[in-house]
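S.K.: attaching a predicted model along with its sequence, questions to come.
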Amino acid sequence: MVSVIMPTMWRSDRTEGLLESLSNTSCVSEIIIIDNAKDNRPDVNFSDKVVLLEQDQNIFVNPAWNLGVSESKEDYVCIINDDLTMDCESIFPIMKELMNHIPCIGIHSSSYSYEEDDVLMVRGHDIGRGWGCCIFLDKSRWVDIPEQLKIWFGDNWIAKTYKECASVVFPIKTEMSTTSNSKDLSDVIKEDIKQWGQLSTVKIMRNESVPKVVKTINRWEDHNIFEREVLAINMLKQFDWCPKIIKTNAEEKQIIMSYAGSPMNAENVPEDALDQANQILLDLASVKVRHNDIKEEEVLVHDGKVCLCDFGWASLEDDFSFGDSEISSEEKPHGIIDDKV
């Protein structure tokens with residue numbers, strides 16, 4: 001049997017139809033509704049399967065997912081958005097069987113234009129647009145989403161912690177993010193973006209004969225930040241201001257690279273820092289690479305040498321895929337910073 005977890009603020013016209021479809025699905029034992037806007041709740045005749053968890057205020061999506069999982073009684077759970085139209089009675093028995101073999105399954109981006117009756121499966125971390133609208137999970141592997149993430153990146157966290165993931169393709173309709181696209185939540189999402197960036201870790205290993213940096217990239221998986229950074233650094237390794245890759249671990253999204261210094265500040269800035277920085281820009285232009293996101297903390301100094309790091313948003317001129325069909329060609333979502341000193 002499957003426990004369904006559905007946060008809602010009752011803003012979608014699809015919610016009542018989805019609840020009816022879930023209630024009529026035999027392998028669904030309970031529908032846990034985390035009611036984040038109880039004053040907006042319509043006069044709904046809930047089925048006996050519904051467990052209503054009223055909140056005094058909006059606790060947001062990711063904390064609601066954590067709460068729903070903790071309250072669920074089944075080994076298998078489905079975390080679902082409230083703005084979907086799908087044939088639950090046909091889909092859920094198939095997904096329940098698939099969860100016996102794969103612990104984490106989301107929705108492939110092609111599902112939203114798919115018209116066939118067949119269910120197709122795609123293995124691997126294909127965390128594209130809409131993957132987190134409906135996720136089927138083996139609860140035994142659940143790791144709570146960090147409390148600082150409120151609306152965005154919950155699905156990215158799930159994909160990272162479960163590691164063994166897949167996507168399925170079946171017909172599904174939605175306006176996508178009916179609630180989270182609301183202007184009143186934009187500040188919360190901006191903070192999520194900041195917090196998710198900080199969850200990516202950089203560890204400096206100074207105790208070894210040659211200091212190294214271990215960088216784990218836990219964000220923007222659908223934009224291939226890890227893969228792009230590896231490509232860019234390998235393209236720039238001829239320049240002495242660029243860190244050198246020692247080893248990568250694609251499964252852990254981890255790059256081990258040479259130590260390139262600490263952020264430039266008043267105490268370590270070289271006298272010729274401006275000349276060195278200009279040379280870095282000239283070197284980038286010579287191989288047609290753009291960094292697109294140069295910030296103060298990404299300009300480093302090591303033994304008087306100015307270095308540049310963090311190439312996750314780099315591009316080959318305007319091509320964010322670097323000519324690789326496996327890498328997203330979408331540009332930096334929240335604005336490009338022109339390469340300049």
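M.R.: Looks like it came in fine.

S.K.: quick one: average pLDDT of the helix or strand encompassing residue 137?
M.R.: For residue 137, the host element (DSSP states H and E) is strand 134-138. Computed over strand 134-138, the mean pLDDT rounds to 96.

S.K.: buried residues in that strand?
M.R.: 134-138 (16 or more other C-beta atoms under 10 Å). In short, each C-beta sits where N, CA and C put it, glycine included.

S.K.: ok, and what's touching it?
M.R.: Strand 134-138 is contacted from outside by 2, 69, 75-81, 84, 86, 95-96, 98-99, 103-107, 155, 158, 162, 172, using C-beta atoms under 8 Å, 6 or more residues apart in numbering.

S.K.: can you flag the buried ones in those residues?
M.R.: Looks like the contacts of strand 134-138 have 2, 69, 76-81, 84, 86, 95-96, 99, 103-107, 155, 158, 162, 172 buried, using 16+ other C-beta under 10 Å.

S.K.: could you list which of these belong to helices?
M.R.: Those of the buried ones among the contacts of strand 134-138 mapping onto helices are 69, 95-96, 155, 158, 162, per DSSP state H.

S.K.: point out the least confident one among the residues you listed.
M.R.: Among these, residue 162 has the lowest pLDDT, at 83.

S.K.: shouldn't it be in contact with residue 141?
M.R.: Yes - Residue 162 is in contact with residue 141 according to C-beta atoms under 8 Å; the separation is 5.7 Å.

S.K.: common neighbours of these two, please.
M.R.: With C-beta under 8 Å, 6+ apart as the test, residue 162 and residue 141 both reach 103-104.

S.K.: which regions of this protein lie under the pLDDT threshold?
M.R.: Across the chain, the ranges flagged by pLDDT under 70 are 124-126, 177-181, 198-201, 206-208, 219, 333-336, 341.

S.K.: make it 50
M.R.: Within the chain, no stretch has pLDDT under 50.

S.K.: tell me which residue lies farthest from the centre of it.
M.R.: Distance to the chain centre peaks in the chain at residue 271, reaching 40.9 Å (criterion: C-alpha atoms, centre = their mean).

S.K.: distance of it from residue 47?
M.R.: Remark: distance between residue 271 and residue 47 (C-beta to C-beta, to the nearest Å) = 74 Å.

S.K.: how about residue 97?
M.R.: 24 Å.

S.K.: tell me which of these two has more neighbours.
M.R.: A direct count of neighbours by other C-beta atoms under 10 Å for residue 97 and residue 47 places residue 47 higher, at 13 against 10.

S.K.: identify the residue nearest that one in space, chain neighbours excluded?
M.R.: Excluding its sequence neighbours, the residue lying closest to residue 47 (C-beta to C-beta, 6 or more residues apart in numbering) is residue 23, at 3.8 Å.

S.K.: right, and that neighbour touches residue 29 too?
M.R.: No - Residue 23 lies out of contact with residue 29 (C-beta under 8 Å); the separation is 11.1 Å.

S.K.: which residues touch stretch 96-109?
M.R.: Here stretch 96-109 has contacts from 1-2, 27, 76, 95, 120-123, 126-138, 140-141, 155, 158-159, 162, 164-170, 172, using C-beta under 8 Å, 6+ apart.

S.K.: so what would you say the end-to-end distance of that stretch is?
M.R.: Using C-alpha to C-alpha, to the nearest Å, the end-to-end distance of stretch 96-109 comes to 20 Å.

S.K.: now swap in stretch 304-318 and tell me
M.R.: End-to-end distance for stretch 304-318: 32 Å, by C-alpha to C-alpha.

S.K.: buried residues, that stretch. List them.
M.R.: Counting neighbours by 16+ other C-beta under 10 Å, stretch 304-318 gives 306-316 as buried.

S.K.: tell me the two of those that are most distant?
M.R.: Spatially, the most separated pair among those is 306 and 316, at 23.1 Å (C-beta to C-beta).

S.K.: other residues contacting stretch 31-40?
M.R.: 3-11, 19, 22-23, 41, 47, 49-55, 57-60, 64, 67-68, 71-72.

S.K.: buried ones from those, can you make that a PyMOL selection?
M.R.: To isolate the buried subset of those in PyMOL, counting by 16+ other C-beta under 10 Å, use the following:
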select buried, resi 3+4+5+6+7+8+9+10+19+22+23+49+50+51+53+55+58+59+60+64+67+68+72
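
S.K.: what's the closest non-adjacent residue to the spatially most central residue of the chain?
M.R.: For the chain, the residue nearest the mean C-alpha position is residue 156 (3.1 Å; C-alpha atoms, centre = their mean). Take residue 156 and drop its neighbours on the chain: the residue closest to it by C-beta to C-beta, 6+ apart is residue 221, 5.6 Å away.

S.K.: let me see the domain layout of the chain.
M.R.: 2-180, 200-316 (automatic domain parsing).

S.K.: about what we covered before: so what's in contact with residue 23 and residue 29 at the same time?
M.R.: residue 49.

S.K.: which residues in the stretch 151-300 of the chain form helices?
M.R.: 154-162, 186-199, 225-236, 273-286 (DSSP state H, counting those that start in this stretch).
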